[in-house]
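> After the sequence you'll find the predicted model.
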Amino acid sequence: MASKVHAITFDSRDPEKIGRFWAEAMGYGDDPGNPNSPGDPEWLLVSPDGAIHLLFQAVPEPKQVKNRIHLDVEPVGRTRDEEVERLLALKARVVGDFRNEDGTGWVTMADPEGNEFCVVRSAPERH
């Protein structure tokens, strides 16, 4: 049998701050059996269906280079451009704008600690 991904883990200077950003960005919550508490050295988020875990763990050094792996975020119930605006309001920032005149493309953003992610078109925008 092969392995499976248990969690996608982010190194972080402030796991609570980044965990709260991603909880709001993705609509994820605490693990009911192991809720997060202020000051925890790790902050675990679980998708509403329980299938995906995001773990933010404290490390002493700041992020220094581009991510070698990143998340592609697909908006639900809004357009890509509306999602970019919502994430900007949560203190994300645009790193690169790769939107095309025909509506294709994506926006590369960074969370408050600089972890890059991309916002792609929603499913209705692709069909």
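Noted; the coordinates are in hand. A quick note: this is a predicted structure, and the numbers were derived from the prediction, not measured.
> From residue 14, how far off is the residue lying closest to residue 77 once chain neighbours are set aside?
Closest residue in space to residue 77, ignoring its immediate chain neighbours: residue 122 at 8.0 Å, by Cβ to Cβ, 6 or more residues apart in numbering. Quick note: C-beta positions are derived from backbone N, CA and C, even for glycine. Between residue 122 and residue 14 the computed distance is 30 Å (Cβ to Cβ, to the nearest Å).
> One more: residue 21?
For residue 21, the distance to residue 14 - Cβ to Cβ - is 10 Å.
> Looking at those two, which has the bigger crowd around it?
More neighbours surround residue 21 than the other of residue 21 and residue 14, with 20 against 14 (other Cβ atoms under 10 Å).
> I'd like the next helix or strand past the helix or strand harbouring that one.
For residue 21, the element it lies in under DSSP states H and E is helix 15-26. On the C-terminal side of helix 15-26, the nearest following helix or strand under DSSP H and E is strand 42-46.
> if we look at that next one, which residues are touching it?
Residues outside strand 42-46 that contact it (Cβ atoms under 8 Å, 6 or more residues apart in numbering) are 7, 12, 15-16, 18-20, 22-23, 26, 28-31, 34, 36, 52-58.
> Can I have the buried ones of the residues you listed as a ChimeraX selection?
Buried residues among the contacts of strand 42-46 (16 or more other Cβ atoms under 10 Å), as a ChimeraX selection:
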select :12,15,16,18,19,20,22,23,26,28,36,53,54,55,56
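> Where do the strands of this protein begin and end?
In the chain, the strands defined using DSSP state E lie at 8-12, 42-46, 53-58, 71-73, 93-97, 107-110, 116-119.
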